[in-house]
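Peer 1: Here is the input, now give the coordinates:
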Amino acid sequence: MISIENVTINIGANSTAPNELLDTEDSVVVRDELVNMLRIISEDKRFIGQTVVIPDDCGQYGFVQGEFNLPELLYFLADMLE
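Peer 2: This is a model prediction of the structure:
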């Protein structure tokens, strides 16, 4: 099970959209930024070997019960958003 405590992830200002655009731009730009961020985080070596347990009652949100590799799950979510 995942237990993340006192972890800071700094995402640089290498965004493809300036900050003010994220407030006013359409959802496609914001989604692309989220996809990029999820992929960056999924490659963070601190999460290697970490897992996420999704309980049975999350099926109503479209998730399957089980224990999943955190980096793979984040990358999968990025792919699904893309």
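Peer 1: Tell me how far the closest residue to Gly59 other than its chain neighbours lies from Ile54.
Peer 2: The spatially closest residue to Gly59, leaving aside those adjacent along the chain, is Gln65, at 6.8 Å (C-beta to C-beta, 6 or more residues apart in numbering). Yep, even glycine has a C-beta here, placed from its N, CA and C like the rest. Gln65 is 6 Å from Ile54, where distance means C-beta to C-beta, to the nearest Å.
Peer 1: Same check on Asn36?
Peer 2: Distance, Asn36 to Ile54, by C-beta to C-beta: 24 Å.
Peer 1: On the three-state scheme, the closest residue to Thr51 other than its chain neighbours is what?
Peer 2: Nearest residue to Thr51, sequence neighbours excluded (C-beta to C-beta, 6+ apart): Glu67, at 5.0 Å. When classified by DSSP: H, G, I helix; E, B strand; the rest coil, Glu67 comes out as strand.
Peer 1: So which elements touch the longest helix seen in the chain?
Peer 2: Counting residues, the longest helix found in the chain (DSSP state H) is helix 27-42. Helices and strands touching helix 27-42, by 3 or more C-beta pairs under 8 Å, 6 or more residues apart in numbering; DSSP states H and E, are helix 19-24, helix 70-81.
Peer 1: May I ask which helix or strand of this structure has the lowest mean pLDDT?
Peer 2: The helix or strand of the chain with the poorest confidence is helix 19-24; it has a mean of 56 (mean pLDDT, DSSP states H and E).
Peer 1: Ramachandran angles for Ile54?
Peer 2: Main-chain dihedrals, Ile54, degrees, to the nearest 10: phi -100, psi 120.
Peer 1: Just say helix, strand or coil for the nearest residue to it once chain neighbours are set aside.
Peer 2: Leaving aside its chain neighbours, Ile54 sits nearest to Phe63 (4.9 Å; criterion: C-beta to C-beta, 6+ apart). Three-state assignment for Phe63 (three-state DSSP): coil.
Peer 1: Just the pLDDT for Phe63.
Peer 2: Per-residue confidence (pLDDT) for Phe63: 85.
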